[in-house]
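Student: sequence-free structure coming up:
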């Protein structure tokens, strides 16, 4: 019964999302990044959001023109190096992987992703096979962290979800697992609030 309700909900939300224009994800990189990691990030983020019935267009902040004025836009600043390094690192990965700004108790469409923290955390749980394709594995993890922050923006809430991508804290093994998606209740939260 629960699976049937979830399937119907996803179908309705997918149909709803298909009628809406894509949300623009405006990206800004403060430091170095690899194309492989960003491609993998976009692929993972798109898969997570497609399962939630949402679609996104991507643009670099530096490419934004006065004619780009979509109704919904989320600005994401990537701090640190969004690429896997093979050299040992002395970096404290404690702290959040990302944050979304609040103003007067309201979530704002401005997020920051701490690439260095994600990279160090993910690297600690990578297998030797994953290390060979480190930028792709890092990109998958970044896509999941990004989906978590966009959940806060779209649900307009600082509260975390019940499971999956929206839960309060994601472990390094969850960031690199084969699959991680939203819980159906969390998908509903993204649509139910104005």
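Tutor: Structure received. No experiment lies behind these values; they were computed from the predicted model shown.
Student: can you give me the pLDDT of the most centrally placed residue in the chain?
Tutor: When CA atoms, centre = their mean is applied to the chain, the residue found nearest the centroid is residue 146 (1.7 Å). If you check residue 146, the pLDDT there is 98.
Student: SS state for it?
Tutor: Following DSSP: H, G, I helix; E, B strand; the rest coil, we place residue 146 in the helix state.
Student: surely it touches residue 98?
Tutor: Yes - under the criterion of CB atoms under 8 Å, residue 146 makes contact with residue 98 at 7.3 Å. Where you see a C-beta, it was placed from the backbone N, CA and C, and this is true even at glycine.
Student: who touches both of those two?
Tutor: In terms of CB atoms under 8 Å, 6 or more residues apart in numbering, residue 146 and residue 98 are both contacted by the residues 111, 113.
Student: helices of the protein, start to end?
Tutor: Using DSSP state H, the helices of the chain run over residues 2-19, 35-51, 115-125, 128-132, 134-155, 172-176, 184-192.
Student: in a markdown table, list the ones you listed along with distance to residue 25.
Tutor: Output for the helices of the chain, formatted as a markdown table (distance: least, CB to CB, whole Å):
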| stretch | distance to residue 25 |
| --- | --- |
| helix 2-19 | 15 |
| helix 35-51 | 8 |
| helix 115-125 | 16 |
| helix 128-132 | 26 |
| helix 134-155 | 8 |
| helix 172-176 | 19 |
| helix 184-192 | 15 |
